[in-house]
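Novice: Let me see the structure of the following:
(2 chains)
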Amino acid sequence: MKSEFQKGLRDGVPIALGYLSVSFSVGIMAVSGGLSVFQGALMSLTNVTSAGQFAGIQIITAGGTVLELILTQFVINLRYALMSLSLSQKLSEEMPLWQRMVVAFANTDEIFAVAMNHAKSLTFSYMLGLQSLPILGWTGGTILGAAAGELLPKSLGNALSVALYGMFIAVVVPVAKKLKPVFWVVAMAALLSCLIYYVPLFSGISAGISIIICTVAAAAVGAVLFPVEEEKE
Amino acid sequence: MSGSNHLIYLYIAVMAIVTYLIRMIPLTVFRKKVENKYIKSFLYYVPYACLTAMTLPAVLYATGSLWSALAGAAVAIILALKDRSLVMVAAGACAAVFVVEQILPLLHELL
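Specialist: Below is the predicted model of the structure:
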């Protein structure tokens, strides 16, 4: 009979392997944005979020303000609030506050997905096991990517710097292909983002603020036009 | 340089705190389900809108030239339309950028 912790560890292996490659490109991005290998690793260890870190690096590179950083992190990571809400329904009722506070730390998209697929109600040991390898993978991949980014020739560095965008495209495109509402939300966000970038009138709008405007506007219009009906969870 | 370094640590700390609070508060304080369908829908669409806004048009300026970036983005979109895995799509995009950047200087010499 395996312990709950061991079960969690085992379920975390595929996530950790996936994170190793995604965070590799986060590391490259961090170094090309002017962060040191240590700073990149520290960011990954304390944040454990791809889109949020990516936007954060963009803002740091562009010399954005702290307020801009807070707003961007808030909007981009807002989805985790929803996941934490759902997750809280699945934690065993007697789980004390401090354990809930620990479990919240690495509630990423993938860990959330695996946790919600778990047949039984979630114990503290299982969640600890589930989160430990992905956190290691995420941080380790960042270190490798950042180190490689410092050593690689420019042609390889250029090539690898589109990896993260490739993954964003891999997340968005298949869903937009399948679901019309998502397609329109994506189209709106793309159009708005390009308008803000290319129209001289909007040249005062920084990268972080642009991400917030596009995200909130496109998601809000999407929610009004295509409210998601009760899901088949 | 050390000034901007301190700033980077401050920014990393701010990011970590905001991200953690977003994850922690709903898990500890509110333990209720979100019922409003508009709020649920908004939160459902946020990741797609946000990833798109971060990708476009920034991806076009991520490499050494517009052409290699276009090639990388195009290959990524085609592979994603074929439902290839995250890693395959990303690797395809990188390969396309690398190949185009090797070919471009040769073309310049020929023309």
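Novice: contacts and neighbour counts: CA atoms only from here.
Specialist: Noted.
Novice: Low-confidence regions, the chain specifically.
Specialist: Let's take chain A. Under the criterion of pLDDT under 70, the regions of chain A flagged as low confidence span A:1, A:230-233.
Novice: You answered for a different chain; I wanted chain B.
Specialist: Across chain B, the stretches falling below the confidence threshold (pLDDT under 70) are B:1-3, B:30-34.
Novice: what about the longest helix in it?
Specialist: Among the segments of chain B that qualify as a helix by DSSP state H, the longest is helix B:2-28.
Novice: which helices and strands does that helix pack with?
Specialist: Under the contact criterion of 3 or more Cα pairs under 8 Å, 6 or more residues apart in numbering or on different chains; DSSP states H and E, helix B:2-28 touches helix A:37-47, helix A:50-62, helix A:66-90, helix A:97-103.
Novice: The first one vs helix B:2-28, what angle?
Specialist: On the basis of axes from the mean of the first three to the mean of the last three Cα atoms, to 10 degrees, helix A:37-47 is oriented at 20 degrees to helix B:2-28.
Novice: So which of the helices and strands packed on helix B:2-28 is the most surrounded?
Specialist: Ranked by average neighbour count under the criterion mean count of other Cα atoms under 10 Å in any protein chain shown, the helices and strands packed on helix B:2-28 are headed by helix A:37-47 at a mean of 22.
Novice: What helix or strand is the nearest residue to A:Val162 once chain neighbours are set aside located in?
Specialist: Setting aside the residues directly before and after it, A:Val162 is nearest to B:Cys94 in space (Cα to Cα, 6 or more residues apart in numbering or on different chains), at 6.0 Å. Mapping B:Cys94 onto the secondary structure by DSSP states H and E places it in helix B:86-110.
Novice: That helix packs against which elements?
Specialist: Helices and strands touching helix B:86-110, as assessed by 3+ Cα pairs under 8 Å, 6+ apart, comprise helix A:154-160, helix A:163-178, helix B:66-81.
Novice: which one of those helices lies closest to A:Glu94?
Specialist: Distance to A:Glu94, taken as Cα to Cα, is lowest for helix A:163-178 among these, at 36.0 Å.
Novice: Now do the buried residues in the closest one.
Specialist: Within helix A:163-178, the residues that count as buried by 16 or more other Cα atoms under 10 Å in any protein chain shown are A:163-176.
Novice: check contacts around the residue nearest to A:Val162.
Specialist: Contacts of B:Cys94 were listed using Cα atoms under 8 Å, 6 or more residues apart in numbering or on different chains, and they are A:159-163, B:72.
Novice: just curious, which of the residues you listed is nearest to A:Lys120?
Specialist: The nearest one, if we look at the contacts of B:Cys94 relative to A:Lys120 and count by Cα to Cα, is A:Ala163, at 36.4 Å.
Novice: Please verify my assumption that the closest one contacts B:Met88.
Specialist: No - assessed by Cα atoms under 8 Å, A:Ala163 is found out of contact with B:Met88, at 10.0 Å.
Novice: does any part of stretch A:14-34 sit near chain B?
Specialist: Yes - counting by Cα under 8 Å from any Cα of the partner chain, chain B has neighbours in stretch A:14-34: A:21-22.
Novice: What residues of that stretch count as buried?
Specialist: By neighbour count with 16+ other Cα under 10 Å, stretch A:14-34 contains the buried residues A:15-33.
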